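Asker: after the sequence you'll find the predicted model.
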Amino acid sequence: MEDLSNCYKIQEMKLQELIIHSNKIGTEGFSTLMMRLKSNNKIRFLNISRNNIADNLKKFKTVQKFLTLNKTLEVLNLSHCNLDEFTGAMIGRGLRGNRNLQSLILKGNPIKEGVLEIAKAFIGNKIALCIKELDLSKCQIHSEDITSEFFTMIKSTYTTLKTLNLRENFIKPSAGEQILEALKVNKTLTKVNLDYNPIS
């Protein structure tokens with residue numbers, strides 16, 4: 001990973017897509033890459049899925065800064081990266097300053113109540129946040145993690161979401177009903193996946 005990040009440091013690359021999933025990348029390597037890409041104006045697609053990038057919270061803070069400062073990334077795939085509620089919350093706080101990301105894939109990470117900060121990003125960012133696809137499948141989200149902020153995110157007149165994936169979580173009937181009520185107000189979502197939740 002150090003060689004890859006140094007390559008970015010010393011060369012002007014035209015690379016727009018970077019796929020480095022399943023490469024045994026740790027937090028330090030990922031943090032270094034994020035610092036190199038922070039001001040990059042070319043990368044639009046980054047897939048770093050199935051790497052253990054969340055074993056150092058201090059280093060992971062660079063991801064929050066990256067999301068706030070980067071102005072070109074459109075797709076970020078962090079699926080199956082061992083993100084927990086704390087790193088999930090950091091991602092949410094980073095999104096508050098983001099202006100360009102359109103697809104965020106967090107599938108297979110136990111972010112649990114970290115989903116609250118992601119919802120807050122949508123509420124606080126209003127017109128600026130452009131995310132159209134949010135994948136929170138297999139994130140061990142329970143009904144108690146689906147707070148009022150989450151429903152406000154869905155109902156907000158500023159939301160840009162078109163696809164919301166909540167498949168294979170632990171959402172019970174009461175929270176499912178509230179999601180349904182929020183969808184009655186929403187004007188943008190065209191697909192919501194709630195498969196394999198205990199809602200019936």
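Answerer: Good, I have the coordinates.

Asker: bridging across strands, which residues link to Glu133?
Answerer: Glu133 forms beta bridges with Ser103, Thr163, as assigned by DSSP bridges.

Asker: right, and it touches Leu189 too?
Answerer: No. Using CB atoms under 8 Å, Glu133 is not in contact with Leu189, being 10.6 Å away. C-beta here means a position set from N, CA and C on the backbone, and glycine is covered the same way.

Asker: pull up the overlap in contacts between these two.
Answerer: Common contacts of Glu133 and Leu189 (CB atoms under 8 Å, 6 or more residues apart in numbering): 161-163.

Asker: which of these tops the neighbour count?
Answerer: Leu161 (20 neighbours; other CB atoms under 10 Å).

Asker: thinking again about what came up before, for the shared contacts of Glu133 and Leu189, which one is nearest Phe45?
Answerer: Phe45 lies nearest to Thr163 out of the shared contacts of Glu133 and Leu189, by CB to CB, at 16.8 Å.

Asker: select the helix or strand of this structure having the lowest average pLDDT value.
Answerer: None of the helices or strands of the chain scores lower by mean pLDDT, DSSP states H and E than helix 2-10, at a mean of 53.

Asker: any idea which helix or strand comes after it?
Answerer: strand 17-19 (DSSP states H and E).
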